[in-house]
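Engineer: 3D model of this:
(one chain, ligands or ions: 1)
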Amino acid sequence: MPQQSHISPPSWQKGLDAARAAPRCHARCKHAGRRCRNAAMRGRKVCRFHGGKAGAPRGERNGAYKHGRYTIAAQIAKREAMRRFRDEMREFRALLRELDEK
Ligand SMILES: [Zn+2]
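Structural biologist: This is a model prediction of the structure:
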């Protein structure tokens with residue numbers, strides 16, 4: 001049996017381990033119907049071949065950003081606030097109806 005215990009791993013071992021641990025591309029292959037399984041781009045679900053580089057940067061990193069009024073987070077917050085408002089109005093109208101009946 002060869003003695004390998006005091007041979008240190010090659011310098012690229014850490015990089016290779018990191019590449020293997022990277023999240024995989026979720027795109028489905030056109031011709032074989034299987035998952036692509038390339039390494040996904042950082043912060044994305046797909047690899048560079050499947051649109052990992054596509055799109056503009058989000059939020060303040062986008063060149064057209066001014067005040068954040070129309071960011072995805074702001075739109076979600078607005079939608080949530082409107083939903084709460086509608087729920088309260090529904091309760092309020094129900095109370096008014098109850099008063100009318102008395
Ligand atoms: Zn891919």
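Engineer: ignoring the adjacent residues along the chain, who's closest to residue 45?
Structural biologist: residue 26 (4.7 Å; Cβ to Cβ, 6 or more residues apart in numbering). Quick note: C-beta positions are derived from backbone N, CA and C, even for glycine.
Engineer: now for the one you found: which residues touch it?
Structural biologist: Residue 26 makes contact with 35-36, 40, 45-46, according to Cβ atoms under 8 Å, 6 or more residues apart in numbering.
Engineer: the ion contacts on the protein?
Structural biologist: 25, 27, 36, 38, 47, 50 (Cβ under 5 Å from the ion).
Engineer: give me that answer again for 8 Å
Structural biologist: With the criterion set to Cβ under 8 Å from the ion, the chain comes near the ion through 25-27, 36-38, 40, 46-50, 52.
Engineer: buried subset of those residues, written for ChimeraX?
Structural biologist: Only the buried members of the residues of the chain next to the ion end up in this ChimeraX selection, burial being decided by 16 or more other Cβ atoms under 10 Å:
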select :25,27,36,38,40,46,47,50,52
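Engineer: roughly how far apart are the residue sitting furthest away from the middle of the chain and the ion?
Structural biologist: The outermost residue of the chain relative to its centre, with distances by Cα atoms, centre = their mean, is residue 102 at 52.4 Å. Separation of residue 102 from the ion (Cβ to the ion, to the nearest Å) stands at 66 Å.
Engineer: one more: residue 84?
Structural biologist: 40 Å.
Engineer: just how off-centre is the helix or strand in which that residue is found within its chain?
Structural biologist: Element membership for residue 84, per DSSP states H and E: helix 72-101. Helix 72-101 sits 29 Å away from the centroid of its parent chain (Cα atoms, centre = their mean, to the nearest Å).
Engineer: go on, stretch 8-22?
Structural biologist: Worked out by Cα atoms, centre = their mean, stretch 8-22 lies 26 Å from the chain centre.
Engineer: check stretch 54-67 too.
Structural biologist: 16 Å.
Engineer: report the buried residues of it.
Structural biologist: Of the residues in stretch 54-67, none is buried (16+ other Cβ under 10 Å).
Engineer: quick one: mean pLDDT for it?
Structural biologist: Stretch 54-67 shows an average pLDDT of 89 in the prediction.
Engineer: thank you, goodbye.
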